[in-house]
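Chemist: Just to be clear, the model below is a prediction. Sequence and coordinates:
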Amino acid sequence: MKTDTQLQTDIIDELNFEPSINAAQIGVLVNDGIVTLSGCVHTYSEKWNAERAALRVAGMKPLAVELEVS
């Protein structure tokens, strides 16, 4: 089982690896394995791609997506 810090690092790395999103505008919070993505993105596809990128990381529990589209 990964620690919260390991999960956060892995998810940030995965977001940075995904070319279709601007990871600098997305915050990642992990608490007891529950991941929350927050921030503001430019399109719904960017929001969807950020969610999919986070879900590619193994070892996390539920994912809460609190990204706003502007």
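Modeler: Thanks, I have the structure now.
Chemist: all helices of this protein, in order?
Modeler: Secondary structure of the chain (DSSP state H): helices at 4-17, 44-55.
Chemist: hey, C-alpha coordinates of the longest one in CSV?
Modeler: Extracted C-alpha coordinates of helix 4-17, given in CSV (Å, rounded to 0.1, in the frame of the first residue of the first chain):
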residue,chain,number,x,y,z
ASP,A,4,-0.4,9.5,0.8
THR,A,5,2.8,11.2,-0.2
GLN,A,6,3.8,8.5,-2.6
LEU,A,7,0.3,8.6,-4.2
GLN,A,8,0.4,12.4,-4.5
THR,A,9,3.8,12.3,-6.1
ASP,A,10,2.7,9.5,-8.6
ILE,A,11,-0.4,11.4,-9.5
ILE,A,12,1.4,14.7,-10.0
ASP,A,13,4.0,12.8,-12.2
GLU,A,14,1.2,11.3,-14.3
LEU,A,15,-0.5,14.6,-14.7
ASN,A,16,2.7,16.2,-15.8
PHE,A,17,3.3,13.3,-18.3
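Chemist: thought Leu63 was touching Val35?
Modeler: Yes: contact criterion C-beta atoms under 8 Å: Leu63 and Val35 qualify, at 5.0 Å. In this view, the C-beta of every residue, glycine as well, is placed from N, C-alpha and C.
Chemist: Neighbour count: these two, which is higher?
Modeler: With neighbours defined as other C-beta atoms under 10 Å, Leu63 and Val35 compare such that Val35 has more, 21 against 14.
Chemist: contacting residues around the residue nearest to Gln6 when sequence neighbours are not counted?
Modeler: Leaving aside its sequence neighbours, Gln6 sits nearest to Gly59 (C-beta to C-beta, 6 or more residues apart in numbering; 7.8 Å). Applying C-beta atoms under 8 Å, 6 or more residues apart in numbering to Gly59 gives the contacts Met1, Lys2, Gln6, Leu7, Asp10, Gly33.
Chemist: Can you redo the residues you listed as a markdown table, where the extra columns are distance to Glu68 and pLDDT?
Modeler: Formatted as a markdown table, those follow (distance: C-beta to C-beta, whole Å; pLDDT from 0 to 100):
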| residue | distance to Glu68 | pLDDT |
| --- | --- | --- |
| Met1 | 31 | 80 |
| Lys2 | 28 | 90 |
| Gln6 | 27 | 97 |
| Leu7 | 23 | 96 |
| Asp10 | 24 | 97 |
| Gly33 | 24 | 92 |
